[in-house]
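Enquirer: give me coordinates for this.
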Amino acid sequence: MKNLSFINKLIYSANIIFALVLLFSFALPFFPPKTFSILSVLNLGVPFLVLCNVLFFLYWLFQLRKQLILSLLTLCLGYLMFGSIYKFSASKKIESPNNFKVMNFNVRLFNVYDWIPENNIESKIVDFVKTEAPDILSIQEYHPHKNVNLSFFKYKYEHVSGKKIKYGQAIFSKYRIINSGSVEFPNTPNNAIFVDIVKGKDTIRVYNVHLESLRINTRIEVLKTEDSERLLKRAGSTFKMQQLQTELFLEHKKKCKYRVIVCGDFNNTAYSYVYRKIKSDLNDAFKEAGNGFGRTYDFKFFPVRIDFIFADEAFKVNGFKSYNAHLSDHYPIMSTFALDD
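Expert: Coordinates of the predicted model:
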């Protein structure tokens, strides 16, 4: 650093800090949140940390300085471990007579509390789903709204609770449901539900998983008033709950004898412990066939992917789409799968 100007020394010092924090965040998915519960919040900031390191790399590159090596090596390590946060390839789209489409959507109670200042959001969601025509629809924060009619799906399973406003998870299907149930999570309205559907000669298990929410208001004016220590403690407690919920879900899934599709809102990113454990040997449909950032949550500062569709390796991933429909605080995603006859 001795050949650097004073300003460049300050910038390189900041570069070292951001690179080390990013490296530490790469290690966190391999440790249970109970070990580093508060520090696990770094998983949420990986896209931001990656962007910062890209900017540091470009800064040193334009000056032809060897300091570029630090961020370059950090970014390369992240790519080797997790892949890119941005997929440059075009979305895969393969037509097949065996194709069927699975959509996942956290609908935030169909806007029952008017978070989005527009009329008839619930009807717009129904129209959107009808237009995109998924064969299976997995919904988190489902509310049996009087104006919501999804009867174009012949079969459904919903699991709702609550006194004033009933809400929970639901799965709608154009294929016959022969079995259904819920994986209950303690001390929370969140849970995981499942259905076994019959498609042709195959029986498929579809899970809808909704892990504990951080309950962080993303508006800047609200974040400014939040006590940072209290915010971190709440986040740490949430990550511990997510770990327990993941363990309960995996214990249930382990007993399943069918090929599996897992949909859900994990309230955590692809750089988290819960993502790594739930995905396991399943395929992430976005990584197989999507493109871009795959943003699924309306976060103002950088693109966040916290909603996922995974599938057993027996399924071919023939397509994936991330939508920009602003009908909730989440964006819907849909994957096209096929099973060979």
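Enquirer: for Ile287, grab the count of nearby residues.
Expert: Careful, residue 287 is Lys; it's not Ile. Using other Cβ atoms under 10 Å, Lys287 has 18 other residues around it. All C-beta spots, glycine's among them, are computed from the backbone N, C-alpha and C.
Enquirer: correct me if wrong: it contacts Ile85.
Expert: No - Lys287 is beyond contact range of Ile85, at 11.0 Å (criterion: Cβ atoms under 8 Å).
Enquirer: so Leu61 lies in a strand, does it not?
Expert: No - with DSSP: H, G, I helix; E, B strand; the rest coil as the criterion, Leu61 is located in helix rather than a strand.
Enquirer: wait, isn't it in contact with Ser71?
Expert: No - if you go by Cβ under 8 Å, Leu61 and Ser71 don't touch, sitting 9.5 Å apart.
Enquirer: who has more neighbours, the two?
Expert: Counted by other Cβ under 10 Å, Leu61 and Ser71 do not tie: Ser71 has more neighbours, with 25 against 13.
Enquirer: chain center to whichever strand or helix holds that one: distance?
Expert: Using DSSP states H and E, Ser71 maps to helix 68-82. Remark: helix 68-82 is offset 23 Å from the chain centroid, using Cα atoms, centre = their mean, to the nearest Å.
Enquirer: residues contacting that helix, please?
Expert: Residues from elsewhere that reach helix 68-82 (Cβ atoms under 8 Å, 6 or more residues apart in numbering): 15-16, 18-19, 22-23, 26, 46, 50, 53-54, 56-57, 60-61, 270-271.
Enquirer: low-scoring stretches of the stretch 101-250 of the chain, by residue?
Expert: Residue ranges of the stretch 101-250 of the chain with pLDDT under 70: 216-229.
Enquirer: okay, helices next: where are they in it?
Expert: Applying DSSP state H, counting those that start in this stretch to the stretch 101-250 of the chain gives helices spanning 121-132, 220-223, 228-253.
Enquirer: gap between Met81 and Ser161?
Expert: Distance of Met81 to Ser161, computed by Cβ to Cβ, to the nearest Å: 39 Å.
Enquirer: same check, this time on Gly83
Expert: Counting by Cβ to Cβ - Gly83 and Ser161 are separated by 38 Å.
Enquirer: flag every buried residue along the helix holding Ser71.
Expert: Leu68, Leu70, Ser71, Leu72, Thr74, Leu75, Gly78, Phe82 (16 or more other Cβ atoms under 10 Å).
Enquirer: and stretch 8-26, by the same measure?
Expert: Quick answer for stretch 8-26 (16+ other Cβ under 10 Å): Asn8, Ile11, Tyr12, Asn15, Phe18, Ala19, Val21, Leu22, Ser25, Phe26.
Enquirer: now the last one. Its backbone dihedrals?
Expert: What that stands for is Phe26. In terms of degrees, to the nearest 10, the main-chain angles of Phe26 are phi -70, psi -30.
Enquirer: any idea of the pLDDT on it?
Expert: We have a pLDDT of 94 for Phe26.
Enquirer: can you pull the contacts of it?
Expert: Each residue near Phe26 by Cβ under 8 Å, 6+ apart is listed here: Val46, Leu77, Gly78, Met81, Phe82, Tyr271.
Enquirer: how about CSV for those residues, with pLDDT and distance to Asn147 added?
Expert: Listed next are those as CSV, based on pLDDT from 0 to 100; distance: Cβ to Cβ, whole Å:
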residue, pLDDT, distance to Asn147
Val46, 91, 39
Leu77, 95, 50
Gly78, 94, 45
Met81, 92, 46
Phe82, 90, 41
Tyr271, 94, 38
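Enquirer: among these, which one sits closest to Asn291?
Expert: Phe82 (16.7 Å; Cβ to Cβ).
Enquirer: what about the closest one, distance to Leu214?
Expert: According to Cβ to Cβ, Phe82 and Leu214 sit 21 Å apart.
Enquirer: what's the answer for Lys201, then?
Expert: 42 Å.
Enquirer: the two: which has the busier surroundings?
Expert: A direct count of neighbours by other Cβ under 10 Å for Lys201 and Leu214 places Leu214 higher, at 17 against 7.
Enquirer: quick one: that one and Gly236 touch, right?
Expert: No - with contact defined as Cβ under 8 Å, Leu214 does not reach Gly236; the gap is 10.4 Å.
Enquirer: ok, Asn191 - contacts?
Expert: Applying Cβ under 8 Å, 6+ apart, we find Asn191 in contact with His159, Gly168, Gln169, Ser182, Val183, Glu184, Phe185, His210.
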